[in-house]
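Undergrad: Quick one, fold the following:
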Amino acid sequence: MLLSLDWLREFTPYEGTAQELADRLTMLGLEVDEVYDPFAEIRGVVVGHVLEREKHPEADKLSVCKVDVGGPELLTIVCGAPNVAAGQKVPVATVGTTLPGGLKIGKAKLRGVQSMGMICSERELALTEEHKGIMVLPDTSKPGVLFCESLELDSAIINVDLTPNRGDCLSILGLAREVAMAYGLPLKLPEVRLSEDMSERADSFWRIDIPEGELCPLYQARVIRGCTLGQSPDWLKYRLIAMGLRPINNVVDATNYVMLELGQPTHAFDEDLLKGGVIQVKRAINGSTVTTLDGQQRKLTADDLLIWDAERPVALAGVMGGAETEIHAGSSNVLLEAAVFRPGTVRKTARRLSLPSEAAYRMERGLDQKLSPFACDRVSALIAELTGGRVLAGMAKAEPKPWQKRVHTFRLSRAADLLGVELSSEFCRKTLTGLGCAVEIKDAAWQVESPSHRSDLEREVDLIEEVGRVYGLDRIPAVLPHVKKSLSEAPAETLSVRTGEFAFLTRIKKWGQGVGLREAINYSFVGHKDLDLLGLPKQGRIDVANPLTEEQNVMRTTVAPGLLQNLRTNVGQGDEGLRLFEAARVFLHDETSETSARERLRLGVLLHGRRFPGFPWPRDAQFDYPDIKGLVEHLLAFLGLPAPEVALGQTHAWLEPCVAITVQGRDIGVMGKLKPAVAEDYKARHAVWMAELDLEAIWSLSADLVPCFHQLPKFPASWRDMTLVAPLGFPVSDIMAALRASGQKLLEDVELVDEYKPKDASERNLTFRLTYRAAERTLTDQDVDKAHAGVGKHVTSACPVKFQAA
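TA: Got it, this is the predicted structure:
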């Protein structure tokens, strides 16, 4: 939102600088992006008085002018504009002035006559596109005065970056409220000088019909007849330009001016082009079309809200008017609309049709329903003043849902608890009153009625937040939060969430980063389509009540959709090797819960593509099952848990093959290869290996572990390799378990270091590296050989394996 400092001072007597105000607004929570001068490029232009104008001796289309610019001497300026004449007051760029576009004015000889400056048109001053002649100023303008000062052009603009909940500040009035409250200044509304023609009433000609009141709580229309369309006066044109809008004509400019001033969008129809004496606010017919003011034909759905006359749609409610009833040069009678539409409906239509507009931007953030009639009168009076029209008495109006007041409790004790500082009751009362609230003090619990323009004040904490930001967040002392003296004083569930869960998730994320995975953070909302692609049943899904988009209309029951969407995005960007993990909550249907939902912490891991992109390994070195399995084993070891047990050949919705993972007899998750059909849907170029683990199950298994110290070894280790021939389908984990369970006390570690699969064979060769060490001495070869033989004897008897033939 752009805030003109000069316009602000028409609402409240602020006397500071623009930068001081910008700093104060930022501390109030209204972040300022920049402060700038909208007319900085023409500040050097001055007012000139053309005293003489003669025809150029060498050019028929040029004039030689003698111009008084307030200096000791007259300037000779050669001008090519056909409308230049003696006696005019004009803008003059003197020698040395730089105009918009970087044009620097210097001395120039034109057809033999020295020119000492330039008389400017509006386009040369970057005001409008008018360039048929020079700009002629009012006769009251004084020579030598700066052009911008002569026309009282706005001197400073503050660009305020508002959060979506502060729609009340999308106007000069809204920001003036904040300034007046912050500085303790009075606030005044613009004066409305509305003179009505009592011989005719607007509601005698027009009726408002709203079948669904929740879509349009208020619609009102005034009628202004006998209007003469034309250009707006300079003060209005240049103020709109300073605020970033293009002047169009005096009727449309009046609607835009009041929208910026009060925050209420209005729309002017050509009354003569409307039919049937009725204005209807109702939904579109699915598949129908309407042509908007930009000349585009828009295809509509039943979710779009339209303004209709008796026969056809004439506007997209709250978004843009229709081309068939727009104001044009020949219009003389105006029907002015001022309405309040449901924000969500306007937002959906504007987004779907890619039709951002200043009106929709305000509508979708909520309007002040109580201010709307005042704004309608303000625009009507301004149109009548600018066009010479007459305003018919009264207005056509329908208000199916009148504004309901909202009263909240406010407690000083609660404010002190949340803010960490005790504020006086007088300060809180003045602040709330300054916000526009009505305050009734009843002992400890005040009753506070929030104003109609602050739809974001819904609870006591919202009022406390307002008091805190006005007091100044920078003034609140920084103190450490209160901590219980002993853990036993805190509820068990509090300890679980605040200490255990956070610390556990932190360890999981550190593990992921440590093994070279990239953390993904995705929305908890996914689309039904995503879950359908994974083959998950529709039963048990938890729908989102008011989804922003169709892609986010259900709570996720697995972290897989988010990771797979990350896969699609990164593959599209040419990522050859993708290693992702996400630790997050999923939401499962649970009838026993009060909310019918149960949250679980899950860890998802995804591997795709080349194992070492950018390194000189062969291009076919792709991620495989050992990679995903190794990560799971590494995680469990990192947490101090034993190696997992795996069950092959599991049936799974989106993994095939799939392996179930258990630790100490408890299911903790699955891992496997993404089904080819699903991988294709997500544009995968290689095999996708995934794991999804139940972090709460893992957490409970690791919760009872007590860290133990093992003395660092003092003596060297010895290694022996053992190559075993095993059936293809026999799990390596079973062989490693048998090796570890051999009973040899000197055996310290077992590691699989190589695998060889002969072509078309039913067996494979597995090479294990066994580490032997004694705590009290250095081992001899005889010690190691004896232990190694014992291990081999045990494993060949416990598993269907044999030693590789020599």
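
Undergrad: so where do the strands sit in the stretch 501-650 of the chain?
TA: Secondary structure of the stretch 501-650 of the chain, counting by DSSP state E, counting those that start in this stretch: strands at 518-519, 525-526, 554-555, 577-589, 597-609, 645-647.

Undergrad: in the stretch 101-250 of the chain, which spans are strands?
TA: Using DSSP E, counting those that start in this stretch, the strands of the stretch 101-250 of the chain run over residues 108-110, 113-115, 117-119, 157-161, 196-201, 207-209, 218-225.

Undergrad: pLDDT below threshold where in this protein?
TA: Filtered on pLDDT under 70, the chain yields the residue ranges 480-499, 591-595, 612-620, 704, 706, 806.

Undergrad: just checking, what's the longest helix in it?
TA: Across the chain, the helix with the greatest residue count (assigned by DSSP state H) is helix 781-798.

Undergrad: And the strands in the stretch 301-450 of the chain?
TA: With DSSP E, counting those that start in this stretch as the criterion, the stretch 301-450 of the chain has strands spanning 305-308, 313-316, 320-321, 334-340, 390-393, 396-398, 406-411, 438-440, 445-450.

Undergrad: Partner strands of the second one, with direction?
TA: Right, the one you point to is strand 313-316. The strands beside strand 313-316 in its sheet (DSSP bridges) come out as strand 305-308 (antiparallel), strand 320-321 (antiparallel).

Undergrad: hey, C-alpha coordinates of stretch 225-234 in CSV?
TA: Extracted in CSV, the C-alpha atoms of stretch 225-234 (Å, rounded to 0.1, in the frame of the first residue of the first chain):
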residue,chain,number,x,y,z
ARG,A,225,-27.6,11.6,-13.9
GLY,A,226,-26.7,14.4,-16.3
CYS,A,227,-22.9,13.8,-16.1
THR,A,228,-20.5,15.3,-18.5
LEU,A,229,-17.5,13.1,-18.9
GLY,A,230,-14.0,14.5,-19.4
GLN,A,231,-10.6,14.8,-17.9
SER,A,232,-10.2,15.1,-14.2
PRO,A,233,-8.8,18.3,-12.7
ASP,A,234,-5.0,18.4,-12.2
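
Undergrad: Contacts for the longest helix of the chain, please.
TA: Surrounding helix 781-798, the residues in contact under the criterion Cβ atoms under 8 Å, 6 or more residues apart in numbering are 718, 720, 722, 724, 735, 738-739, 741-744, 746-747, 770, 772, 774, 801-803. All C-beta atoms are positioned from the backbone trio N, CA, C, and that covers glycine.

Undergrad: Which PyMOL command selects the buried ones in those?
TA: For selection in PyMOL, the members of these meeting the burial criterion (16 or more other Cβ atoms under 10 Å) are listed in this command:
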select buried, resi 718+720+722+724+735+738+739+742+744+746+747+770+772+774+801
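
Undergrad: returning to that earlier point: quick check: which of the strands of the stretch 101-250 of the chain is nearest to Pro642?
TA: When the strands of the stretch 101-250 of the chain are ranked by distance to Pro642, counting by Cβ to Cβ, first place goes to strand 157-161 at 53.9 Å.

Undergrad: Can you give me the buried ones in that closest one?
TA: Applying a neighbour-count criterion of 16+ other Cβ under 10 Å, the buried positions in strand 157-161 are 157-158, 160.

Undergrad: possible to save these as TSV with distance to Arg362?
TA: As requested, the buried residues of strand 157-161 are arranged in TSV below (distance: Cβ to Cβ, whole Å):
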residue	distance to Arg362
Ile157	19
Ile158	18
Val160	14
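
Undergrad: out of those residues, which one sits closest to Leu701?
TA: Minimum distance to Leu701 across the buried residues of strand 157-161 is 52.7 Å, recorded for Val160 (Cβ to Cβ).

Undergrad: Buried residues, stretch 730-738. List them.
TA: Neighbour counts over stretch 730-738 (16+ other Cβ under 10 Å) mark 732, 734-738 as buried.

Undergrad: Cross these against helices and list the overlap.
TA: Of the positions in the buried residues of stretch 730-738, 732, 734-738 sit in helices, assigned by DSSP H.

Undergrad: so what's the residue nearest to Glu31 when sequence neighbours are not counted up against?
TA: Excluding its sequence neighbours, the residue lying closest to Glu31 (Cβ to Cβ, 6 or more residues apart in numbering) is Asp161, at 4.7 Å. Contact criterion Cβ under 8 Å, 6+ apart gives 30-33 as the residues in contact with Asp161.

Undergrad: do the same with Ser63
TA: Ser63 makes contact with 53-56, 78-81, 84 under the criterion Cβ under 8 Å, 6+ apart.

Undergrad: picking that back up, now do the residue nearest to Glu31 against Val32, distance only.
TA: Distance check for Asp161 against Val32: by Cβ to Cβ, to the nearest Å, it reads 7 Å.

Undergrad: Same check on Asp294?
TA: Applying Cβ to Cβ to Asp294 and Val32 gives a distance of 32 Å.

Undergrad: Give me the nearest residue to the residue nearest the centre of the chain, chain neighbours excluded.
TA: The central residue of the chain, meaning the one whose C-alpha is nearest the mean C-alpha position (Cα atoms, centre = their mean), is Pro164 at 8.6 Å. Leaving aside its chain neighbours, Pro164 sits nearest to Arg365 (6.2 Å; criterion: Cβ to Cβ, 6+ apart).
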